[in-house]
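In: test case, fold it:
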Amino acid sequence: MAPELLRRGILDHRRALAGWCAGIVGYVALIASIFPSIEGSPELNQLMESYPDVLKSLFGITGAGNLTSGAGFLDAELSSFMLPLLVLVLAIGSGARTFAGEEDAGRLELVLAYPVTRRSAVVMKGLAVLVEVVLACIAAVAAILLFDAIVGLDLSLGHVVGAFVWLVALGVFYGWLALAVGAAYPSRALALGIAAGTAAVDYLIGGLHDLAGWLDPFRFISPFWLVGQSPLQQGTDLLGVVVVLAASVMVLAVGATLVERRDLEVP
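Out: Sure thing, here's the model as predicted:
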């Protein structure tokens, strides 16, 4: 019966997921359609040179002229902040509501009425979150490839595929972190807060460690730094992706273990 939990986990969120995918595609389309108007613009290059180092570091602006290339423009406008933000909001929200949210609402006993262990239920719900993240990332990458053909972004297909893996790894890690916290402690708010707070801290470490020397030793714990910060320009760090995915599995395993050790709350 465990696969039924996976199927229901996906189907129960299908309308919300469809809305998220449509929104992500729309945002990618909006940003990509701007590119032809700024391609090769010397004024934009001059403006970029005047940016503070903090902004350049956070938004992946690493060299002269890179905002006027398709890859540099999308890295700065999408990959550096908004695209991972959209995927993380989807993943964290789904992870928090899929166990802790059901427990808060008093529906979890219906889920556990299936002949499965609590541990299996957490794993199946984790896989449902994974499917949601993958589908959202497919929507984003499909939109990028479509507009690459339409407006001439001149992207590397290998880098686009790497960006897909990069985005999935980030979404899965923080989505499973929210799910694991919700499995270990019956609070959707806590699951949201810990996952979102961790993502914010990791993002700042990944973006600012070059400028704040005291942050540099902590960059190894930031998934944003591990997977690479300019996937469309510089590619994705596949070793970092493997590390982040391994950490995701460990986080989910901890949540699946801790849920066996506590009493479930019923309103």
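In: can you give me the offset of the one helix or strand Val244 maps to from its chain's centre?
Out: With elements taken from DSSP states H and E, the one containing Val244 is helix 238-258. Centre-to-centre, helix 238-258 and its host chain are 14 Å apart (C-alpha atoms, centre = their mean, to the nearest Å).
In: residue ranges in the stretch 51-200 of the chain under the pLDDT threshold?
Out: 51-66, 109, 113-114 (pLDDT under 70).
In: ok, now with 90
Out: In the predicted model of the stretch 51-200 of the chain, residues 51-70, 72-73, 75-77, 80-81, 98-118, 120-121, 185-187 satisfy pLDDT under 90.
In: on that earlier part again, contacting residues around the helix holding Val244?
Out: With contacts defined as C-beta atoms under 8 Å, 6 or more residues apart in numbering, helix 238-258 is touched by 118-119, 122-123, 126, 162, 165-166, 169-170, 172-173, 176-177, 179-184, 223, 225-228. In this view, the C-beta of every residue, glycine as well, is placed from N, C-alpha and C.
In: show me the contacts for Arg262.
Out: Applying C-beta under 8 Å, 6+ apart to Arg262 gives the contacts Ala184, Tyr185, Pro186.
In: okay, and which of the contacts of helix 238-258 map to strands?
Out: Applying DSSP state E to these, no entry is found in strands.
In: ok, which stretches of the stretch 151-267 of the chain are helices?
Out: Using DSSP state H, counting those that start in this stretch, the helices assigned to the stretch 151-267 of the chain run over residues 157-184, 188-208, 223-227, 231-234, 238-258.
In: and those helices as CSV, adding distance to Ile10 and mean neighbour count?
Out: Converted to CSV, the helices of the stretch 151-267 of the chain look like this (distance: least, C-beta to C-beta, whole Å; neighbours: other C-beta atoms under 10 Å):
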stretch, distance to Ile10, mean neighbour count
helix 157-184, 14, 25
helix 188-208, 20, 19
helix 223-227, 24, 24
helix 231-234, 27, 23
helix 238-258, 17, 18
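In: columns distance to Ile24 on top of those, output as TSV?
Out: Output for the helices of the stretch 151-267 of the chain, formatted as TSV (distance: least, C-beta to C-beta, whole Å):
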stretch	distance to Ile24
helix 157-184	10
helix 188-208	17
helix 223-227	19
helix 231-234	16
helix 238-258	20
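In: distance of the residue positioned nearest the centre of the chain relative to Ile205?
Out: Nearest to the mean C-alpha position of the chain, by C-alpha atoms, centre = their mean, lies Gly171 at 2.8 Å. In this view, Gly171 and Ile205 are 18 Å apart by C-beta to C-beta, to the nearest Å.
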